[in-house]
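> Below is the structure, and that's it, no one-letter string:
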């Protein structure tokens, strides 16, 4: 049983929790939308920045790949060594000739870096550095003619190998370490009026290799 007075008051008054069932205010919805729009704009900016960062990283990686390839090419260019003997085959004597004469060592044993040309007899330096060269010449005995040859750099006589005996076989050798610039030419030149002998045992040879770059 509810007293009449109390029942009337309850019916005529507002419920205590009526405000909890009121619809959301339009101003609140607009504020939420504005916040979401601002957040999306910030995310777009961050995405664009990430894209730029990725593009920069891709360019950096491509540059690093190019640098590695260049280093590989330089390393290959720095691997230089050759050795060749005078006659391509068989046996024979070169000279005597009444003038200093370029010797072409035609049988290639090793030619790493392809800096030696067996058609011209020239070694052409591919990189600046210190190179060591050696040459050996076979001396067939002869009363009138010795055996001799120069090591030559760009036309300059560096050192000579020389032997002279009247009979039997002999040999002579020499060598030098040279500082070469790119394009410098080194070769062996036969001394005038001398004889140089070679056969299938490859007695007369010309060799060289890069010690280190500079």
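Looks like it arrived, so ask away. None of these values were measured; they are calculated from a predicted model.

> Okay, and the closest residue to residue 109 other than its chain neighbours sits in which element?
Beyond its immediate neighbours in the sequence, the residue positioned closest to residue 109 (CB to CB, 6 or more residues apart in numbering) is residue 83, lying 4.3 Å away. For the C-beta atoms, the positions are set from N, CA and C on the backbone; glycine is no exception. Taking DSSP states H and E as the criterion, residue 83 maps to strand 81-85.

> for the next helix or strand after that strand, packing partners?
Beyond strand 81-85 on the C-terminal side, the first helix or strand identified by DSSP H and E is strand 92-94. Applying 3 or more CB pairs under 8 Å, 6 or more residues apart in numbering; DSSP states H and E, one finds that strand 92-94 contacts strand 196-198.

> at 10 Å what do you get?
On a contact count with 3 or more CB pairs under 10 Å, 6 or more residues apart in numbering; DSSP states H and E, strand 92-94 meets strand 129-140, strand 196-198.

> Mind putting these into a markdown table with mean neighbour count, mean pLDDT and distance to residue 30?
Compiled in a markdown table, the helices and strands packed on strand 92-94 are given as follows (neighbours: other CB atoms under 10 Å; pLDDT from 0 to 100; distance: least, CB to CB, whole Å):
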| stretch | mean neighbour count | mean pLDDT | distance to residue 30 |
| --- | --- | --- | --- |
| strand 129-140 | 21 | 94 | 77 |
| strand 196-198 | 26 | 93 | 101 |
